[in-house]
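>>> can you look at this prediction? I've put the sequence above it.
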Amino acid sequence: DRVRIHIAIIGILLFAMLGMKWMQTYSLWDDEANTALFAQSVHETGDTSAIIGHNIIAYRNGAELNENLKSRYISPLQYYFLAPFIDPARPDPFKARLPFFILSLISLALIYRRLILLKLPTPVIFAFFCFSFGLTSLLLFGIQCRYYALTFFFTLLLADQYYFGRIEKPLSFFRFGL
């Protein structure tokens, strides 16, 4: 059991080291910048207003904005999640990516925890260790300032709760009338 725990700890630490290196390498780009700008707007106004000072956030000529210049096309959870960490005076890509990356690390820890609690053999846990480094998109999406880390985390949390009987019907809160 100790070997499996050590593999998990080493896996999470190596993932964290790789992520920290890449989080500081590039500035925010495309969707990440859009997320950071709307998070800044939430930080300043409490809503996803497209107006920041004398500027307007209008990706694709404002296709994701409603008539009040609010972002209503994409779920705002990512903006509200990032808003407390945004410093409008000093935008920093590292600070914008950090909360999402921490959530990715927690997600990775949830997977390792579940593998250990299921008492899977050490080679299986080691295979996941290798898989987590061989799947580049896991790291790249995990550090991106976007909704991917939130989706990964909440999906794992829901699956974990369902698998261990804490939720009987994961979609029972929807009423489809079927």
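Yep, it's here.
>>> when you work out contacts or count neighbours from here on, use the C-alpha atoms and nothing else.
OK.
>>> quick check, residue 157 in a helix?
Yes. Residue 157: assigned to a helix according to DSSP: H, G, I helix; E, B strand; the rest coil.
>>> who are the contact partners of it?
By C-alpha atoms under 8 Å, 6 or more residues apart in numbering, no residues touch residue 157.
>>> can you give me the distance of the residue nearest in space to the middle of the chain to residue 18?
Among the residues of the chain, residue 149 comes closest to the average C-alpha position under C-alpha atoms, centre = their mean, at 1.7 Å. Counting by C-alpha to C-alpha, to the nearest Å, the separation of residue 149 from residue 18 is 16 Å.
>>> pass me the low-pLDDT residue ranges in the chain, would you?
Scanning the chain with the threshold set as pLDDT under 70 gives 165-178.
>>> let me see the backbone angles for the residue nearest to the centre of the chain.
Main-chain dihedrals, residue 149, degrees, to the nearest 10: phi -60, psi -40.
>>> strands along this structure, start to end?
For the chain, the strands defined by DSSP state E cover 51-52, 55-56.
>>> ok, residue 106 - contacts?
Taking C-alpha under 8 Å, 6+ apart as the test, what residue 106 contacts is residue 153.
>>> what is the neighbour count of the residue nearest to residue 27 when sequence neighbours are not counted?
The shortest distance from residue 27 to any residue other than its chain neighbours is 5.7 Å, reached at residue 93 (C-alpha to C-alpha, 6 or more residues apart in numbering). Per other C-alpha atoms under 10 Å, the neighbour tally for residue 93 reads 21.
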